[in-house]
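Enquirer: the amino acid sequence is not available; the structure is as follows:
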């Protein structure tokens, strides 16, 4: 995706991240990655990524038949259907209508496990695909890459003393924020940490999906950061400016890690 974006000669790349996008074990879970083995393997070889293996069995290997018109008929039908929908989208200005959905959970399970890790095992750099972020920043060349830690829902219901939300135990997310800030500092990545910048009421069906109002709040913070040139917010020097404006020093972050 970054290679495709670079073809448009961007002035700046904003890269939103969240903890759930970074476990090493999940880097090849996305269908767009699994179904593009040649491009992904080329990226692994070119950048020396260690968080993804070129022989991973999750890759979908395309046969000769898959590459023919007959084998690609489902994908071609989808392409034609979406092009037809484009007429309606352009005419109405509406590309999707969401029906009723299940809101994100506020009462949470009493578990502190995250991707097989526990408070006792802790979270380390080796558990997270920071090499992917580093490879992206390097691959962008002269185009600046600025990272944004996305806002998350913070529950106040059952077991909210153990978990921020259905995705994140508190210990894992706190350690992730510290590790991300350390990586940004070490690599000189501009980083804006908006983890608590959006009120809980502005989340919809997951811990990271925002309402239009929530998206506007996030956009305002990012715009202010851009206009400031990433200064103070962006260089991840301690103390680090976080979503609420709270100042978090290195000692506090290391204590949270423990």
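Expert: Yep, that arrived. Since the model is a prediction, treat every value here as computed from it, not as a measurement. Numbering: from 1, shown residues only.

Enquirer: what does residue 173 show for phi and psi?
Expert: Dihedral pair for residue 173: phi -70, psi -40, per degrees, to the nearest 10.

Enquirer: give me the pLDDT value at it.
Expert: On pLDDT, residue 173 comes in at 97.

Enquirer: what is the burial count for it?
Expert: Neighbourhood size, residue 173 [other C-beta atoms under 10 Å]: 24. Backbone N, C-alpha and C define where each C-beta goes, glycine included.

Enquirer: is it true that it touches residue 19?
Expert: Yes - Residue 173 lies in contact with residue 19 (C-beta atoms under 8 Å); the separation is 5.8 Å.

Enquirer: count of neighbours near the nearest residue to residue 116 once chain neighbours are set aside?
Expert: Residue nearest to residue 116 in three dimensions, not counting chain neighbours: residue 25, with 7.8 Å by C-beta to C-beta, 6 or more residues apart in numbering. By other C-beta under 10 Å, the residues close to residue 25 number 11.

Enquirer: so what pLDDT did residue 25 get?
Expert: 89.

Enquirer: next one: it relative to residue 178, how far apart?
Expert: Residue 25 sits 21 Å away from residue 178, going by C-beta to C-beta, to the nearest Å.

Enquirer: cool, and residue 56?
Expert: According to C-beta to C-beta, residue 56 and residue 178 sit 29 Å apart.

Enquirer: between these two, which has more neighbouring residues?
Expert: In terms of neighbours (other C-beta under 10 Å), residue 178 is the more surrounded of residue 56 and residue 178; the figures are 20 against 15.

Enquirer: after the one helix or strand the more buried one maps to comes which helix or strand?
Expert: Assigned by DSSP states H and E, residue 178 belongs to helix 170-187. For helix 170-187, the succeeding helix or strand toward the C-terminus, using DSSP H and E, is strand 191-193.

Enquirer: now that following strand, how far from the centre of its chain.
Expert: Offset of strand 191-193 from its chain centre (C-alpha atoms, centre = their mean, to the nearest Å): 13 Å.

Enquirer: likewise for stretch 68-78?
Expert: Per C-alpha atoms, centre = their mean, the centroid offset for stretch 68-78 relative to its chain is 31 Å.

Enquirer: just the terminal-to-terminal distance for that stretch.
Expert: 16 Å (C-alpha to C-alpha, to the nearest Å).

Enquirer: one more: stretch 101-116?
Expert: 29 Å.

Enquirer: who touches it?
Expert: 23, 25-26, 118-119, 123, 127, 153, 155-160, 162-163, 165-166, 168-172, 203-207, 209 (C-beta atoms under 8 Å, 6 or more residues apart in numbering).

Enquirer: stretch 127-139 now?
Expert: Residues from elsewhere that reach stretch 127-139 (C-beta under 8 Å, 6+ apart): 2-3, 6, 15, 17, 19, 22-24, 27, 43, 47-52, 115, 117, 145, 147, 176, 179-180, 183, 187, 189.

Enquirer: let's see which of those end up in strands.
Expert: Counted as lying in strands by DSSP state E, out of the contacts of stretch 127-139, are 15, 17, 145, 147.

Enquirer: which parts of the chain are helices?
Expert: Under the criterion DSSP state H, the chain contains helices at 2-6, 31-34, 37-47, 73-92, 130-139, 170-187, 212-227, 250-257.

Enquirer: out of the ones you listed, indicate the one that is most buried.
Expert: Each of the helices of the chain was scored by mean neighbour count; the highest is helix 170-187, a mean of 20, by mean count of other C-beta atoms under 10 Å.

Enquirer: flag the shaky bits of the chain, pLDDT-wise.
Expert: Per-residue confidence for the chain (pLDDT under 70) gives these ranges: 230-258.

Enquirer: give the residue farthest from the middle of it.
Expert: In the chain, the residue that sits farthest from the middle, by C-alpha atoms, centre = their mean, is residue 70; the gap is 35.8 Å.

Enquirer: dihedrals phi and psi, it?
Expert: Torsion angles, degrees, to the nearest 10, at residue 70: phi -60, psi -40.
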